[in-house]
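# Everything below, folded, please.
(chains A and B)
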Amino acid sequence: MSVMSESRTALPCAVVLAMAGLTGVAGADPITFTDQRGKLIELDAPAERVIVLPKPIPSMLIAVDGGIDRLIGLHPAAQAVLMEGLPGKLYPGIAEIDTSIVGEGFIPNVEAMLVAEPDVVIQWASRPEDRIDPMERVGITVVGFGYGSYEIEAEQIEIMGKILGREDRAAELLEWHRAVRENIDKVVSGIPEEDRTTMLFFDRFDSDELAVFGRNEFFFQVPAMRNLAFEAGLDQGTVTIDAEQLLKWDPEVILLNYYDPEADPQKVYDDPRFTGLQAVQNRRVYKTPKLDPGSHEAPLVWSWLATLAYPDAFDLDHRAEIAKQLEDMYGTAPDDGDLDSILQLSANGDSHRYGEHFGR
Amino acid sequence: MTRALRGQRLFWMVVAVVMPLAVVGSLAAGRYQVPFLNVLGILGGKMVGIGGAFPPTEVSVVELVRLPRVLAAMLAGAGLAIAGAALQGVFRNPLVGPQIIGVSSGAGFGGALAILLFGSAWATVGFAFVFGLLAILIVYLLSRMESQAPILLLVLAGVVTSAFFSALISLIKYVADPDNKLPAIVYWLMGSLASIGWVDILVLALPVTLGGLLIWGLRFRINVLSFGDEDARALGVHVERTRWLILVAVALISAAVVAVGGIIGWIGLVIPHFARALVGPSHDALLPASAVLGALYLLLIDDIARTATAAEIPLGILTALIGAPVFAFLLRRTYLTGWRRD
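Numbers count the residues shown, from 1 in each chain, chains lettered A, B, ... in the order given. Okay, here's the model as predicted:
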């Protein structure tokens, strides 16, 4: 490209930018929306400096915005999780982002907040007297986020689009969610209740404790899996059970949460107490992929689960789809090594038909 | 035959009937349905050495899940109750238990620290032991005055030490990663035998047996000590030495229980009162009676913990919910009839 052509393109660009700036100043339309505690939020313009306190949300911001430039503060635990995963590899700058703005229990450090000068702080909507009020008292704009259902999570993507002025990208993500759901639904909706695959999702599975997800998470419902713990009447996030209860439920599939560093299907296969389980005999114990099932990445998890639950009914190219979507979200495509790690290939390699569906 | 002796004989006759029933009943109870006859068959087969033709899952439920758990509950219950009885005797105070003198908190802190730093079961056990003993050492140093330790000072030193380690436990909870380490620590501290395996039984059995035998060997000196230090000295008992031997034994037992099952409160406090009411205050009768009652009590509590709902109920919650009201009732009764007679 010649110097001449660069300056030729630069001029119209400058004009467009100036015009955009003018309309910004004229700012006829402030951004308004209702946050998830029911408060009407008004912004003069898309936020340029955003602090995100809820742990799963920073990666959503990155996915909607396509970068980390506007993320100026986050929870230290969220920073650690991002740095261990793909976003940290693509954006090493995440390590430099301010984490001094929040303490234990999501209590904001108001003085550090004032120093950081955010346009918007995203915070959990629960316990507002401790978590939100101190910030609002000093004039910081706070957007409250809830949790607990897919509708809430989907709306968060929409709100994030509004905060950042990226409603187009938010709509694109949600459309992708809808399409994936529809495709899975076409296959699984005809399966009668009693033929649906039963499973238990373990938050911890080690020598000290067995703890299962008691709630009927949305990401179990989309791939039509039956959470036996929920059917037995449990309704809390994680519930400790004893070995006998697991033997009694005897699920077809056992899932181990990747959040637990000790989780390993081989340990379940090797445990003499559990040799009689059908999930052990059929080798259907899997460690979940390093993807967030309750956020913008959820469709990747839905497809993963649907394939495990009904391995004959689905034949998707998971690796290509994950690579494409993560590239759209985080700017760079993961390589084969990244995909192996995301899909837990070393932990799940020996499990039923795993390599066939998820291997290279 | 004296009235006390008749009471003891009756007590042991009842225990001889109830104990085997409770054990077999516990082995037959659980969330996984194993027919009663199969439970007997599996156990019998194990003892006589004949491999019966039982479904393998039923065998592993009985042998690998229930049997270690039943044994652990009985060992822990017996150990804590003996420890409590011994403490109440040497301190001549009905309100003393392993928790009061700081061992439980010390061991609890050690275990929580190990979960935070290492996350291996062996580290948890080791740290619980070391810090349980350290707590006792601190109590000892705090309470020594002019080469002897007045009882009140000892109990206060225990309270102080206990509060100190409780604060350290809070600190650990505060810094622990809330997604991963914190739930593990909180769960462990509330007490549970849900994940007991045969290795845990070994960890529990050795110290509890050792501590229990030490206390049993000192039973007559505890009797003498319970008359008061002056009388004991006059009768030629090394008051200080005996007291510290008992404390070390108690530390051994409590640390082992905490290491394997977390903090299980109230047993060391409540059970000796029951036992005293049934067999009288003499420690040669009281110690074994406390042991079997403690074993039975924790066995029953643990049965509830594992069978009542699909979710495990932490033992610490159950022992306190049942123990506190019963203790309040006993306190009123024994105050009127027992300890005030001193």
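# near chain B, which residues of chain A?
Proximity of chain A to chain B (C-beta under 8 Å from any C-beta of the partner chain) is limited to residues A:55, A:77, A:104, A:203-204, A:207-211, A:214, A:229, A:232-234, A:236, A:238-245, A:247-248, A:259-262, A:272-277. In this view, the C-beta of every residue, glycine as well, is placed from N, C-alpha and C.
# Next step: these restricted to strands.
Under the assignment DSSP state E, the residues of chain A next to chain B contribute A:203, A:204, A:210, A:211, A:238, A:239, A:240, A:241 to strands.
# Neighbour count and pLDDT added to those, as a markdown table?
Putting those into a markdown table (neighbours: other C-beta atoms under 10 Å in any protein chain shown; pLDDT from 0 to 100) gives the following:
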| residue | neighbour count | pLDDT |
| --- | --- | --- |
| A:203 | 23 | 89 |
| A:204 | 21 | 87 |
| A:210 | 21 | 90 |
| A:211 | 24 | 91 |
| A:238 | 20 | 84 |
| A:239 | 21 | 88 |
| A:240 | 22 | 89 |
| A:241 | 26 | 92 |
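# Closest one to residue A:91 out of those residues, please.
residue A:203 (28.2 Å; C-beta to C-beta).
# The nearest residue to that closest one once chain neighbours are set aside: what's it in contact with?
Counting by C-beta to C-beta, 6 or more residues apart in numbering or on different chains, the nearest residue to residue A:203 once its immediate chain neighbours are dropped is residue A:238, at 4.2 Å. When contacts are counted by C-beta atoms under 8 Å, 6 or more residues apart in numbering or on different chains, residue A:238 touches A:203, A:204, A:211, A:212, A:213, A:214, B:183.
# What average pLDDT does the strand or helix carrying residue A:113 get?
When elements are assigned from DSSP states H and E, residue A:113 belongs to helix A:110-116. Taken as a whole, helix A:110-116 has an average pLDDT of 91.
# tell me what it is packed against?
The helices and strands touching helix A:110-116, judged by 3 or more C-beta pairs under 8 Å, 6 or more residues apart in numbering or on different chains; DSSP states H and E, are strand A:71-74, helix A:133-137.
# and residue 174, how many residues sit next to it?
Picked chain A for this. 16 (other C-beta atoms under 10 Å in any protein chain shown).
# should've been chain B
Taking other C-beta under 10 Å as the criterion, the count of residues near residue B:174 is 12.
# my guess is it contacts residue A:104, does it?
Yes - with contact defined as C-beta atoms under 8 Å, residue B:174 counts as touching residue A:104 (6.0 Å).
# any weak-confidence spans in chain A?
Per-residue confidence of chain A (counting by pLDDT under 70) places the weak regions at A:1-28.
# For chain B, give me its nearest residue in it.
Scanning chain A for the residue nearest chain B gives residue A:276, at 3.2 Å (criterion: C-beta to the nearest C-beta).
# distance of that residue from residue B:277?
Distance, residue A:276 to residue B:277, by C-beta to C-beta, to the nearest Å: 46 Å.
# And for stretch A:171-179, what's in contact with it?
In this structure, residues lying in contact with stretch A:171-179 by C-beta under 8 Å, 6+ apart are A:63, A:64, A:154, A:157, A:158, A:161, A:296, A:298, A:299, A:325.
# Which stretches in the stretch 51-200 of chain A count as strands?
Listed in chain order, the strands of the stretch 51-200 of chain A (DSSP state E, counting those that start in this stretch) span residues A:71-74, A:120-124, A:142-145, A:198-205.
# Note down every partner strand of the longest one and its orientation.
When pairing is defined by DSSP bridges, strand A:198-205 lines up against strand A:210-213 (antiparallel), strand A:226-227 (parallel), strand A:253-256 (parallel).
# buried set for stretch A:141-160?
Residues of stretch A:141-160 classed as buried under the neighbour-count rule (16 or more other C-beta atoms under 10 Å in any protein chain shown) are A:141-146, A:150, A:153-160.
# Dump it to CSV, restricted to CA.
As requested, the backbone C-alpha atoms of stretch A:141-160 are provided in CSV (Å, rounded to 0.1, in the frame of the first residue of the first chain):
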residue,chain,number,x,y,z
THR,A,141,-23.8,4.7,37.6
VAL,A,142,-24.5,1.1,38.6
VAL,A,143,-26.2,-1.5,36.4
GLY,A,144,-27.6,-4.4,38.4
PHE,A,145,-27.3,-8.0,37.0
GLY,A,146,-29.4,-10.9,38.3
TYR,A,147,-28.8,-14.6,37.9
GLY,A,148,-30.6,-17.9,37.9
SER,A,149,-32.3,-18.3,34.5
TYR,A,150,-31.5,-18.3,30.8
GLU,A,151,-33.8,-15.4,30.2
ILE,A,152,-31.8,-13.3,32.7
GLU,A,153,-28.5,-14.3,31.1
ALA,A,154,-29.8,-13.5,27.6
GLU,A,155,-31.1,-10.2,28.7
GLN,A,156,-27.6,-9.4,30.1
ILE,A,157,-26.2,-9.8,26.6
GLU,A,158,-28.7,-7.3,25.3
ILE,A,159,-28.0,-4.9,28.1
MET,A,160,-24.3,-5.2,27.5
